[in-house]
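A.B. asks: Below is the sequence, then the predicted model.
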Amino acid sequence: MVARNSGTRLSSSLVLNWLLIFVPVAIGLEFFRPEAHTYIFIAACLSIVPLAGWLGHATEHIAHHAGEGIGGLLNATFGNAAELIIALAALQKGLYGVVKASLTGSLIGNILLVFGASALAGGFRYKAQRFNSTASSAQAVLLTLAAIGLVMPAAFHYLQSPAKASLDSSLGLDISIVLLLAYAAHLVFSVHTHKALFRGKPAPPGEEQETPWSLRKAVLILAAATTLIAWISEILVGSVQQAATAFGMSEIFVGVIVVAIIGNAAEHSTAVIAAVKDRMDLSFGIAVGSSLQIALFVAPVLVILSHFIGPRPMDLAFSPAEVLAIFVSVLITGQVAADGETNWLEGVQLLATYLILAMVFYFLPDVAAQ
Amino acid sequence: MVARNSGTRLSSSLVLNWLLIFVPVAIGLEFFRPEAHTYIFIAACLSIVPLAGWLGHATEHIAHHAGEGIGGLLNATFGNAAELIIALAALQKGLYGVVKASLTGSLIGNILLVFGASALAGGFRYKAQRFNSTASSAQAVLLTLAAIGLVMPAAFHYLQSPAKASLDSSLGLDISIVLLLAYAAHLVFSVHTHKALFRGKPAPPGEEQETPWSLRKAVLILAAATTLIAWISEILVGSVQQAATAFGMSEIFVGVIVVAIIGNAAEHSTAVIAAVKDRMDLSFGIAVGSSLQIALFVAPVLVILSHFIGPRPMDLAFSPAEVLAIFVSVLITGQVAADGETNWLEGVQLLATYLILAMVFYFLPDVAAQ
Amino acid sequence: MVARNSGTRLSSSLVLNWLLIFVPVAIGLEFFRPEAHTYIFIAACLSIVPLAGWLGHATEHIAHHAGEGIGGLLNATFGNAAELIIALAALQKGLYGVVKASLTGSLIGNILLVFGASALAGGFRYKAQRFNSTASSAQAVLLTLAAIGLVMPAAFHYLQSPAKASLDSSLGLDISIVLLLAYAAHLVFSVHTHKALFRGKPAPPGEEQETPWSLRKAVLILAAATTLIAWISEILVGSVQQAATAFGMSEIFVGVIVVAIIGNAAEHSTAVIAAVKDRMDLSFGIAVGSSLQIALFVAPVLVILSHFIGPRPMDLAFSPAEVLAIFVSVLITGQVAADGETNWLEGVQLLATYLILAMVFYFLPDVAAQ
């Protein structure tokens, strides 16, 4: 999350703290009822929601101590740590289909579902909500670049005949490096050369600002949350296949839709609350920033790591349905963002697009997906 | 037609009233020379032009009596009634290829041909013509959503292997419902929450305003026009296959290009006249509003009705050429609309796009189309 | 090159004049060491850079004498004469894959590499650089139309099964005529009806303006440069296949990336220098204008000429990778141009897109390309 202002964040996700009860439930089930895959899956999903929230806060508080430059960097780098950890667990087991599905899901979920819901919720109170169009336009272009970077390897895969896995993985690695460099350039742009654009409106004076944690407290909480998420992710990934079968859903649907909704719940609530307070800059920044991070940071890092920890190198060749979903989402988001203004109808349009894509993934048989 | 102002409309299409002579000609030929398919087809085409115009006026006058809210709704719902009736006639016979071709043709014809001709005609008199960019941007995004909704089922169809017709038709039905809901949201937006955006410029004072018809007259004319159109459509659809063969054209070309030009002639002349009077808001509203109606209302309604009146459920899987045509049209229209301004060159560009698409459909053999 | 102001141009490309030494080197090698394909290729490439520069200047000076209207026309028509001559040499030998690759390469190279480098270089000095958004928007839409025109024949080619070469070439010819007409309309727009939009900022007063050449001198230089380029092109095209093999690159990579970079070196340096002087209108005009010329003038002319001078008619069916590259380049350029403003990050994004596309062409085996 490229959070510009963390005041709203904590208050909103404390609401989700009661879900922490599912942390021991998930771990307990895994030990004592390892065959109850469906329950384990549900408990693991629910317990990740508040943990991801705490991980995010801890990162922000450490960022606060580190000063603005490094702080922004930390924030931008560890904001999607939960998604990264879940994906790493799947990567180690060689479940590359699940990894890519959850990347796709996070990407489209953040821009369509999170931003759509924000625009809708904000639109109920305000006729039109404006946000800085230079910043949003830069982010929209970056999103297009990310989509091109993620879509090209798949295109390449289907253009070669017969496809050679070695070429796929070389191209995937090279493109990953370009995407990481583009992400680095974006960080320099947003925390250094053009940071004024990304400041957004100041928080309204009435809103209580929480006191910053001590560095020690923040580091301890970061360590604890990371450890727990890593543990739960291991459990989650182990149960996803059987749970999907039990629900009558394909694995790709669970990855693209279910896991992605869970993993982004914290961002989701923060973005919606920001929108209701007419702080669309923050809301757009959370949604699009998160998607950018997934595409330009998490995905390339996973590709590179797969050369070391995976059973074989992971390429970036998404399935055609995923390619289409990414492309379509980026296209409509770019159009919505172009005028630097949202209203409730645009929220509905983004949500409708999400719904249509979810339906396609629901009906799509697994064979076509991997 | 989401007409914002009906003053211009009647005066323009009265010009086409002499074409009413073809109503008895078409019916007469069908009875006395049933084998003269080509003449029947031409007469039926020409007679639908003025009838569609009268259907439109009647709807507007009823809308006038019903008050602004319901009026807008009626207008928006029955504006493309002629297209809907023609499509229903084809639907009943199970000619799903023709139905989809005429939907595609109406969609791309309205935004490329009608709006392109308007921008060109207006551009001869004015250096640049502006229109409200918030309203047009909302409509452009909706058009993208519509394109996504119409394109996804085809993508899904080709992504499954082997394709299952039952999945196609379930997905088509579900997406139809989402599109209808998006259309309903758009109606609420344009006739209720943000109606000010859609008001356009007032008609210039010099222009004579016609006196509203009585409700009784309007209802009678509506009934008469509807009955005649239904009858002629039956005749038209019965002759389309043989006429296409006689012209040496493919059935899909006749559906996409010929039928669509005929069916939208009334909108066409109104939109061009509005543009020449520098009322680009009205012109854009007619062209894009009509396309939206086709995509978000007529197409879904046909899919749903096919479950009741068709020989088998119709899916939404357009042919690849149609998908490409829809996509490309929406893309370039979105770009033209983005800056809320047109000039004659943009008109030429839209018309050139239409011409290129028409050529592709002309050369494309029928096998590839269905 | 649709140059609006030639002051900057000459000074920049004089720097490249020392490369003229490679003209005799290339010709000498061809005569005395005809088997040294790689050296011949390199020498020919380098010698075209300054010749293209001189061809451009001569055209501008003749244009100066011919008056504004005809001048703009000449400028716009002969601006990419070097690319046209190279392509003609390949056309005569029936190397249609190379012709199309170099068209694709010029198109994407101008908008991604040339404009990207300009935005980056300019962005180092200026926080944000603005340019006339009506003019740039008209050009962006035209670029989309060009992309549609170039992409449709390929789509058509893959939609027919089995593909008929005769249909491909009829469609290619018809679309070429539409593209030429659209180009003519664009010329009328930019040199006649809306020329004010394309005037850009005046050159800063400090900058020395060169004295115009006499008509005689300009015509002589034009003739000399054209003759030499035609000769060198012949040599270049003769060596491309063996050189590609020697470098371990595919022929399509050499065509799309290597030849295109060489052929546009003069535009490249002029555009970057203009950007550094904060004349983004000129910079955008050179990059996009050049791409437009390739797509709307050079490509159609080659198709039409292939009916007379080629061994068989050339169609416009680009390979899928080329189609994707064109489409993606136009999409992201349209987005960058939409707000009429650039910054260094947008430059980086365009360059990253170019790099990703270059990688795809590098890895793509030749079989898939033709």
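C.D. replies: All right, it came through fine.
A.B. asks: Could you pull up the contacting residues of the residue nearest in space to the middle of chain A?
C.D. replies: Centre of chain A computed as the mean C-alpha position; nearest residue by Cα atoms, centre = their mean is A:Ser106, 4.1 Å away. Listed by Cβ atoms under 8 Å, 6 or more residues apart in numbering or on different chains, the contact partners of A:Ser106 are A:80, A:83, A:260, A:263-264, A:290-291, A:294, A:298. Yep, even glycine has a C-beta here, placed from its N, CA and C like the rest.
A.B. asks: That one sits in which helix or strand?
C.D. replies: helix A:96-108 (DSSP states H and E).
A.B. asks: now that helix, how far from the chain's geometric center?
C.D. replies: Computed by Cα atoms, centre = their mean, to the nearest Å, the separation of helix A:96-108 from the middle of its chain amounts to 9 Å.
A.B. asks: Show me what from the stretch 1-150 of chain A comes close to chain B.
C.D. replies: Contacts of the stretch 1-150 of chain A with chain B, taken as Cβ under 8 Å from any Cβ of the partner chain, map to A:127-128.
A.B. asks: one more time with 10 Å
C.D. replies: By the rule Cβ under 10 Å from any Cβ of the partner chain, the part of the stretch 1-150 of chain A lying against chain B is A:120, A:123-124, A:127-128.
A.B. asks: Could you save these as JSON lines and add columns showing neighbour count, secondary structure and pLDDT?
C.D. replies: Rendered in JSON lines, the data for these read as follows (neighbours: other Cβ atoms under 10 Å in any protein chain shown; DSSP: H, G, I helix; E, B strand; the rest coil; pLDDT from 0 to 100):
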{"residue": "A:Leu120", "neighbour count": "22", "secondary structure": "helix", "pLDDT": "92"}
{"residue": "A:Gly123", "neighbour count": "23", "secondary structure": "helix", "pLDDT": "89"}
{"residue": "A:Phe124", "neighbour count": "11", "secondary structure": "helix", "pLDDT": "89"}
{"residue": "A:Lys127", "neighbour count": "11", "secondary structure": "coil", "pLDDT": "84"}
{"residue": "A:Ala128", "neighbour count": "16", "secondary structure": "coil", "pLDDT": "84"}
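A.B. asks: ok, A:Gly94 - how many residues close by?
C.D. replies: Number of residues near A:Gly94 (other Cβ atoms under 10 Å in any protein chain shown) recorded here: 14.
A.B. asks: what kind of secondary structure is it in?
C.D. replies: Here A:Gly94 is coil, with the state taken from DSSP: H, G, I helix; E, B strand; the rest coil.
A.B. asks: what residues are up against the residue nearest to it when sequence neighbours are not counted?
C.D. replies: Of all residues not flanking A:Gly94 in the chain, A:Pro311 sits nearest, at 4.2 Å (Cβ to Cβ, 6 or more residues apart in numbering or on different chains). Applying Cβ atoms under 10 Å, 6 or more residues apart in numbering or on different chains, we find A:Pro311 in contact with A:91-96.
A.B. asks: Now stretch A:352-359: buried residues?
C.D. replies: Of the residues in stretch A:352-359, A:352-359 count as buried by neighbour count, 16 or more other Cβ atoms under 10 Å in any protein chain shown.
A.B. asks: so which of those residues are also by chain B?
C.D. replies: Applying Cβ under 10 Å from any Cβ to these, those adjacent to chain B are A:352-359.
A.B. asks: helix or strand for the residue nearest to A:Ala218 when sequence neighbours are not counted, which one?
C.D. replies: Nearest residue to A:Ala218, sequence neighbours excluded (Cβ to Cβ, 6+ apart): A:His61, at 3.9 Å. Using DSSP H and E, A:His61 maps to helix A:37-66.
A.B. asks: State the distance from A:Arg125 to A:Val114.
C.D. replies: Distance of A:Arg125 to A:Val114, computed by Cβ to Cβ, to the nearest Å: 18 Å.
A.B. asks: rewinding a little: put together a markdown table for the buried residues of stretch A:352-359, with secondary structure on each row.
C.D. replies: Listed next are these as a markdown table, based on three-state DSSP:
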| residue | secondary structure |
| --- | --- |
| A:Ala352 | helix |
| A:Thr353 | helix |
| A:Tyr354 | helix |
| A:Leu355 | helix |
| A:Ile356 | helix |
| A:Leu357 | helix |
| A:Ala358 | helix |
| A:Met359 | helix |
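A.B. asks: Give the closest residue to A:Ala165 in space, chain neighbours not counted.
C.D. replies: A:Ala165 sits nearest to A:Asp315 (Cβ to Cβ, 6+ apart), 7.2 Å away.
A.B. asks: tally of neighbours for that neighbour?
C.D. replies: By other Cβ under 10 Å, the residues close to A:Asp315 number 26.
A.B. asks: and if you look at A:Ile235?
C.D. replies: A:Ile235, neighbours per other Cβ under 10 Å, totals 22.
A.B. asks: what helix or strand is it on?
C.D. replies: Taking DSSP H and E as the criterion, A:Ile235 maps to helix A:215-247.
A.B. asks: Show the subsequent helix or strand relative to that helix.
C.D. replies: Next along the chain after helix A:215-247, taking DSSP H and E as the criterion, comes helix A:251-253.
A.B. asks: Just the C-alpha atoms of whatever helix or strand comes next after that following helix, please, in PDB.
C.D. replies: Counting by DSSP H and E, the next helix or strand C-terminal to helix A:251-253 is helix A:260-263. Output in PDB follows, covering the C-alpha atoms of helix A:260-263 (Å, rounded to 0.1, in the frame of the first residue of the first chain):
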ATOM      1  CA  ALA A 260      -7.600 -12.000  -3.500                       C
ATOM      2  CA  ILE A 261     -10.700 -10.600  -1.600                       C
ATOM      3  CA  ILE A 262      -9.400 -12.000   1.700                       C
ATOM      4  CA  GLY A 263      -5.800 -10.800   1.200                       C
END
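A.B. asks: how far does helix A:260-263 sit from the chain's center?
C.D. replies: 8 Å.
A.B. asks: What lies in contact with that helix?
C.D. replies: Taking Cβ under 10 Å, 6+ apart as the rule, helix A:260-263 contacts A:42, A:44-49, A:52, A:80, A:82-83, A:85-87, A:101-110, A:113-114, A:229, A:233, A:236, A:254, A:268, A:294, A:358.
A.B. asks: give me that answer again for 6 Å
C.D. replies: A:45, A:48, A:82-83, A:105-106, A:109 (Cβ atoms under 6 Å, 6 or more residues apart in numbering or on different chains).
A.B. asks: now stretch A:353-368
C.D. replies: With Cβ under 6 Å, 6+ apart as the test, stretch A:353-368 has contacts from A:112-113, A:250-251, A:253, A:256-257, A:321, A:325, A:332, B:145, B:148-149, B:152, B:156, B:159-160, B:167, B:171, B:174-175, B:178.
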